[in-house]
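# Structure for this input, please:
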Amino acid sequence: MGRWKQWVANPWVLASIGGLLFLAAFQWRYATVSPLLYEFRDDGIITLSHGRNWVDFGFIGINPSGERLEATSAPLQMFLYAAAYALFGAGYAPFVNVQTWACTFALGAILTFFFATRPWFALGVAAASALVLTQAGSFVVWHGSGMENALMHVLLPWTVYLLYRFSVTGQVDLRWAVVPFLASIVRVEAVYHVAPLLAVFCAYWATARGGGEARRFTAVVAVLWIAFNAWRYFYFGAVFPNTAVAQGISVGERLVELVTLSPTYLDQSLTAARVIFSRHGAYLLLLALPLLLLRSRSGPNVLLLALGGTLVLTALFTPFLFGVARLDTSRTTTQLAVAVVIVLIAAAADWQPRRADRYPMLVTAIAVFLIHQVSSSAPYGVCCGLDDFDKTRKSFEQLAQREGIPRPTVANPDLGIVSWHKTMNIVDLGLLGSSIVPRLDADGPAMRRYLLDFAAPDMFEAHGFWSCRYARALGPAFFERYAFAGAPDAKPTISCKGVEAPSGVWIRKDVMRDSASRERALLQDLARKPDVARVAAELQACKASCVYVARSVYRMLPEFRAQGDVPKLRTLFENSPSRDYDLFLIAGAEDPRAWRKALDLLREGAH
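Next up, the predicted model:
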C-alpha cells in the first residue's frame, strides 16, 4: 500500500490516471449515443479542408484553383490538421478521432494536476468532473464532433491551471505564455475569453504578490496574439474572417444595440444566454454557494474561483457580443461546462465539513437535483452530418467523369466534405467559402450576373432553403442554360412562393460532352495541355464576353502554377473586357483583395 501511495504521489502518474479516468468515462458515454448524431460534422471538415488546401496547393482556402480565403473561425485546428496531413497524410476521420481522445485525456490530466499534492483529492476531482461532464449533453456531442470545441476544452482549463500554479509557487514562467496564446486562437474570437483571465490574474498578482511578473506574462501573450493577427490581416486582407461576413456578425453593431438597449437584441441575447446556462449545467453552481458562504476564502484558491467565474461570465455574455451561434445556440460556449467544474473544485478545495454544514449542503443538493431533472439535456443530434453531402460530391464527380469535365466548378451550399477531396472548385451557395456571394443581395441583379454570366458553375446543386434563397436571381434563364442531371425519380424543381427554383443536381449545357460551344472546345484543349498560347489565341477570337476563357483557365490553374505561367496569364487578361473578374479568378490565390474589384464590376454592370 505504501508503494502504491508513493507511485500515485508522482504528479505525472497521477495526471495519467486522471486522463485514463476521463477516457473511460467518455468512452462509456459515447457508447450510448449514435455516432450519426454528432460525429464528423461538415463545418469541422471545412476547417480541415483549408489545411489540406495549404499543403496540396500552397495557399489557405477551400478551392484548388483559388481564392485565398479564411472561411473558418478555427485557425489552430487548421494548422494542426495541416501538420498532420503533411507529415502523415491523415484523413479527416483519423484526425478527428485522435483529436477527440487526445483532448479527452488531456482534460482529465489537467483537472487532476490542479491538486497534484493531494493525490486522493485530485483523483476524486477527476472522477467527479468526468461524471458531471458526461452528463452535459451539449458538451458531449460537440466535444466529439470533430470541430474545435475539444481544443477549447483543453486550452482554456490549461490556461487557468497555469495561472493558478503561478499563484501557488509565486513564480511566473514566461515560456508558458504559448498556452494562453494558443487558447486565444482556437477560435478567431477566443481572445474574448482569454484576455479577462489574464486581467484577473494581473489584478490578483498585484494585490497578493506585487511586482510586474503577471503583467510581463500578459504582455508576451498580447505580443504573440497581435503578431498572429497581423499575419492574418496581411495574408487574408481582412481582420475578420469571411465567416463573420457570411453570418452577418458585427461586434460594433451589437455593442451599439447593447448601449441603446434594443428590445429585439436584448430578447434574442437573453434567450440564448438562458439556453447556454441550462445546457451546460450552470445550475450546478448552486452547489458552490454553501461552500462559499460557510467558509472564508484566501490564497490561490480565491484566484482559481475568480478564473472559473470569469469563464462562466464570458460564456454567458457571448450571445450579447457575437449573436446566436450558428448550428446550435450552445455550440461556441461548451467550455462553460468545464468552467462550472472549475468553480466547484475551487469552492470545495479547502472545505472541511462540519456538522453544522450538513443541512445547507443537503438542501442545496436536493435543489440542484430537481433543477437537473427539469433543465438538463441528453446528447442530441447536431447539424450537419456527412452522408447526404458526400452523396452529392460523388454525384458531381461521376457526372464530371461522364461528361469529361476536368476539375469542375460546382455551386453547392454544403462546403465541407465536398471541398475536402479537392477534386473540384466550389461556388459556395452557403456563403462561407466565397468572398463575393455573401456581399451580394440574394435575389438582386448583381447575383444574377454573378451566378449565370460570370461564375457560371459547371454543375449546380441546391435544396430546400438554399434553392429558394437564389430562386429569383436564377429565374427562367437558369433553366435555359442548365439541364437536370439528378436521379430519374427526383423532382427537379421546388416552388418558392410562386417562383420555380432548381432542386437537385443540374449541369450547364455549354460544358457537356456533346456541346459545340467554344468553351467546351477550350476546356478540352487545356485539359490535354495547359498552354498559354492556346489561351492567348482564344482571347483574340472571343467577342464581347471572354469570361468563359478565364473560367477555363481557372479550372487548370494548379497545372499552370506548376509550370510558372500565372504571371503570363495575368498579363494576357489585362486587356480583357471582364478584366477585374478574370484577374480575380487567376490571381485570387496570390492577392487576397482581388475580389473587391470583381465585386465592383458585378455591381456596376447590374445597374
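# Okay, strands next: where are they in this structure?
Under the criterion DSSP state E, the chain contains strands at 409-412, 425-428, 459-462, 482-484, 493-496, 499-502, 504-508.
# pLDDT below threshold where in the stretch 351-500 of the chain?
In the predicted model of the stretch 351-500 of the chain, residues 351-376 satisfy pLDDT under 70.
# ok, now with 80
Low-confidence segments of the stretch 351-500 of the chain (pLDDT under 80): 351-377.
# ok, and the closest non-adjacent residue to residue 163?
residue 201 (4.5 Å; C-beta to C-beta, 6 or more residues apart in numbering). Every residue, glycine included, has its C-beta placed from N, CA and C.
# ok, that neighbour touching residue 307?
Yes: contact criterion C-beta atoms under 8 Å: residue 201 and residue 307 qualify, at 7.3 Å.
# Could you pull out the residues contacting both of the two?
residue 163 (C-beta atoms under 8 Å, 6 or more residues apart in numbering).
# Roughly how far does the residue nearest to residue 475 when sequence neighbours are not counted sit from residue 431?
Spatial nearest neighbour of residue 475, excluding adjacent residues (C-beta to C-beta, 6+ apart): residue 448 at 6.9 Å. Distance check for residue 448 against residue 431: by C-beta to C-beta, to the nearest Å, it reads 17 Å.
# How about residue 431, nearest residue that isn't a chain neighbour?
residue 246 (3.7 Å).
# go on, residue 551?
Closest to residue 551 by C-beta to C-beta, 6+ apart is residue 456, at 6.5 Å.
# can you check residue 30 too?
Excluding its sequence neighbours, the residue lying closest to residue 30 (C-beta to C-beta, 6+ apart) is residue 144, at 6.2 Å.
# same deal with residue 181?
residue 224 (4.2 Å).
# can you pull the contacts of residue 116?
Contacts of residue 116 (C-beta under 8 Å, 6+ apart): 11, 14, 15, 122.
# could you redo the last one with a cut-off of 10 Å?
When contacts are counted by C-beta atoms under 10 Å, 6 or more residues apart in numbering, residue 116 touches 9, 10, 11, 12, 13, 14, 15, 18, 122, 165.
# swap in residue 41?
Residues in contact with residue 41, defined by C-beta under 10 Å, 6+ apart, are 96, 141-142, 144-147, 149, 327-328, 331, 382-386, 416.
# Flag every buried residue along stretch 527-543.
By 16 or more other C-beta atoms under 10 Å, the buried positions in stretch 527-543 come out as 527, 530, 532, 534, 535, 538, 539, 542.
# how far is it from where the chain is centred?
Using C-alpha atoms, centre = their mean, to the nearest Å, the distance from the centre of stretch 527-543 to the centre of the chain it belongs to is 40 Å.
# For that stretch, measure first residue to last.
Distance between the two ends of stretch 527-543: 23 Å, counting by C-alpha to C-alpha, to the nearest Å.
# related to what we said a few turns ago, from the buried residues of stretch 527-543, which is closest to residue 154?
residue 530 (45.0 Å; C-beta to C-beta).
# my guess is that closest one contacts residue 553, does it?
Yes: taking C-beta atoms under 10 Å as the definition, residue 530 is a contact partner of residue 553 at 8.3 Å.
# Tell me how far residue 545 lies from residue 430.
Distance from residue 545 to residue 430, counting by C-beta to C-beta: 28 Å.
# ok, the two, which is more surrounded?
Comparing residue 545 with residue 430 by other C-beta atoms under 10 Å, the one with more neighbours is residue 430, at 22 against 12.
# Relative to residue 289, how far out is the more buried one?
Separation of residue 430 from residue 289 (C-beta to C-beta): 45 Å.
# ok, back up a step: can you report how many residues lie near the residue nearest to residue 475?
21.
# measure residue 273 to residue 313 for me?
The value you get for residue 273 to residue 313, if C-beta to C-beta is used, is 11 Å.
# and what of residue 552?
55 Å.
# what about those two, which has more around it?
Between residue 552 and residue 313, counted using other C-beta under 10 Å, residue 552 has the larger neighbour count: 24 against 14.
# neighbours around residue 135, how many?
With other C-beta under 10 Å as criterion, residue 135 counts 18.
# Is it in contact with residue 280, as I believe?
No: the criterion here is C-beta under 10 Å, and residue 135 misses it with residue 280 at 11.1 Å.
# shared neighbours, the two?
Taking C-beta under 10 Å, 6+ apart as the criterion, residue 135 and residue 280 both touch 337, 377.
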